[in-house]
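>>> Quick check, what structure comes out for this input:
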Amino acid sequence: MSLEETLRSLSLDYLNLLINGQAFSDVTFQVEGRLVHAHRCILAARSLFFRKFFCGPDPPSGLDPTGGGTSRQPTVRPGVIPVNSVGYEVFLLLLQFLYSGQVSIVPQKHEPRPNCGERGCWHTHCTSAVDLALDTLAAARYFGVEQLALLTQSDSAFLLPNSGLSGVLG
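Numbers count the residues shown, from 1 in each chain. Here you go, the predicted structure:
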């Protein structure tokens with residue numbers, strides 16, 4: 001097995017931990033009313049934000065370490081950390097990158113997207129695809145995941161020429 005195959009296999013193994021939800025998870029987030037199970041050690045190893053959040057004396061803002069909830073999310077269960085800084089889809093993309101080192105912010109062709117009413121849209125230049133790219137870039141920077149920010153800029157470069165936003169990601 002080559003080094004590349006070994007790394008790809010390792011990446012998929014970690015991604016399967018995320019996909020399989022509660023398997024061995026030790027932290028639960030609530031994003032837009034939906035629960036997301038994760039693993040503190042992976043998040044802390046891959047993101048300075050999460051390392052400070054889980055281990056530091058002064059956790060960064062955007063997540064409530066007490067799981068106490070906010071007026072926007074009053075039904076958070078004890079022990080569940082509410083996430084108010086990003087949406088569910090973007091949070092999953094962030095976690096996917098933290099777990100596997102890979103992510104595609106370009107929506108799949110013909111995949112239904114919020115805010116895109118065009119039937120059969122390929123999402124190569126629509127507002128929904130551009131919004132996802134910009135939200136992912138903002139989340140990458142907020143959570144201090146520079147590799148994801150660079151990948152997002154690279155992946156979304158082709159979205160912008162026809163969208164009128166070509167200077168936004170640079």
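
>>> buried stuff in the lowest-mean-pLDDT helix or strand in the chain?
When the helices and strands of the chain are compared on mean pLDDT, DSSP states H and E, helix 3-19 comes out lowest with a mean of 75. Using 16 or more other C-beta atoms under 10 Å as the test for burial, helix 3-19 gives Y14, L15, L17, L18. C-betas here are computed from N, CA, C, even on glycine.

>>> try stretch 142-158
Buried residues in stretch 142-158 (16+ other C-beta under 10 Å): Y142, F143, G144, V145, L148, A149, L151, T152, Q153, D155, S156.

>>> Now, those residues that are in helices?
Y142, L148, A149, L151, T152, Q153, D155, S156 (DSSP state H).

>>> Pick out the most distant pair among those residues.
Checked with C-beta to C-beta, those reach their widest spread between Y142 and D155, with 18.1 Å between them.

>>> Roughly how far does P82 sit from Q153?
29 Å (C-beta to C-beta, to the nearest Å).

>>> er, L43 I mean
If you go by C-beta to C-beta, the gap between L43 and Q153 works out to 23 Å.

>>> hang on, the earlier thing: which among the buried residues of helix 3-19 gets closest to E32?
L18 (17.5 Å).

>>> Least confident of the buried residues of stretch 142-158?
Lowest pLDDT within the buried residues of stretch 142-158 is found at S156 (74).

>>> which residues touch it?
I105, V106, A129, V130, A133, L137, L169 (C-beta atoms under 8 Å, 6 or more residues apart in numbering).

>>> can these go into JSON lines with extra columns for secondary structure and distance to Q96?
Below are those laid out as JSON lines (DSSP: H, G, I helix; E, B strand; the rest coil; distance: C-beta to C-beta, whole Å):
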{"residue": "I105", "secondary structure": "coil", "distance to Q96": "10"}
{"residue": "V106", "secondary structure": "coil", "distance to Q96": "14"}
{"residue": "A129", "secondary structure": "helix", "distance to Q96": "17"}
{"residue": "V130", "secondary structure": "helix", "distance to Q96": "20"}
{"residue": "A133", "secondary structure": "helix", "distance to Q96": "15"}
{"residue": "L137", "secondary structure": "helix", "distance to Q96": "15"}
{"residue": "L169", "secondary structure": "coil", "distance to Q96": "20"}
